[in-house]
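Q: Test case, fold it:
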Amino acid sequence: MPAGFLYNNVAAGANLSSGDATFPTMPISNLQDPQPRRRVRFNDGTFFFDADFLSAKSIDVVGLISTTMTLVSSIRLRLSNDVGFASIVYDSGFVFAEASDEGQGNVIMVLPNVVSARYMRINVFDGGVPFIDAGVLVAGELWRAQRGMGYGVREGRVMLDRRDRNTFTGAEFPVPAIANPRVAAFTLPSLSTSEARNQHRDLVRLLGAAKDGLVIMELNDTLAERNRRAIWGAINVPGEDTAVSRDSFPLSSRALRVVERL
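A: Modelled structure (predicted):
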């Protein structure tokens, strides 16, 4: 299956509310702060929060980035055009969040189809913890690539650990980083003319190199695997040309390297 890209996060401009986010230095507004580790704290393992996008938006992916949720935390996503959620356009039901330390606690929920909704409600249940933190809320419509990635995809981590060495004695002093961010490098070798002139242009224009986007490596992954592989970070690199290559009359290509933002 092809990859998916979220480059227009409609949650960044939403009105957020929750009666469970009362910790004064970790408010609900931190879900819209671009730094993932600037988190909101929900004062119980069971909570919900609402988002009002101010007008109906096209949505087929919703994610919570950098959370303290676990494999057994349960999450429910509902979308509606009714402020009271009397009529629902999408309801995931309660599912295991499948969040893990390997994926920085990310929970990335992909809808089967695009829906139009103004209001969103996320419920979380985890009876085994006194509170849950979450970093960034993302939501919007994915660019679902028409064709898959080229062979040679590389996935791993950027090693920020150090191994300092005394040049006189030869002794080593390993210094572990707090975290080594995930990295993915790949090529989209068969972009259609429409993708190159529409979705890719929008991605470059809206994100530049200063804003972050979401890359889902394989849309067909299970939720657990998607959480481990999807990367929230810079899709375009500062100081470099960001362009597609016209490799044939009908097709273009683009090479990307995405490093997780911590």
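Q: hey, where'd the helices end up in the stretch 101-250 of the chain?
A: Here the stretch 101-250 of the chain has its helices, by DSSP state H, counting those that start in this stretch, at 193-197, 199-207, 223-229.
Q: Would you agree residue 179 is in contact with residue 262?
A: Yes - assessed by Cβ atoms under 8 Å, residue 179 is found in contact with residue 262 at 5.5 Å. The way it works is simple: take the backbone N, C-alpha and C, and place the C-beta from them, glycine included.
Q: Now for these two: what residues contact both?
A: Each of residue 104 lies in contact with both residue 179 and residue 262 under the rule Cβ atoms under 8 Å, 6 or more residues apart in numbering.
Q: Compare the two (neighbour count), which wins?
A: Remark: of residue 179 and residue 262, residue 262 carries more neighbours, 18 against 15, as counted by other Cβ atoms under 10 Å.
Q: For the more buried one, give me its contacts.
A: Under the criterion of Cβ under 8 Å, 6+ apart, the neighbours of residue 262 are 36-37, 66, 104, 178-179, 181.
Q: Could you do residue 39 as well?
A: Counting by Cβ under 8 Å, 6+ apart, residue 39 touches 26, 30, 66-67, 133-135.
Q: how is the protein carved up into domains?
A: By the assignment in automatic domain parsing, the chain contains the domains 7-142, 154-260.
Q: Mind checking those for the one nearest to residue 148?
A: domain 154-260 (8.0 Å; Cβ to Cβ).
Q: which non-adjacent residue is nearest residue 229?
A: In space, residue 229 comes closest to residue 217 once its chain neighbours are excluded; the distance is 4.5 Å by Cβ to Cβ, 6 or more residues apart in numbering.
Q: Return the distance of the one you found relative to residue 155.
A: As judged by Cβ to Cβ, to the nearest Å, residue 217 and residue 155 stand 7 Å apart.
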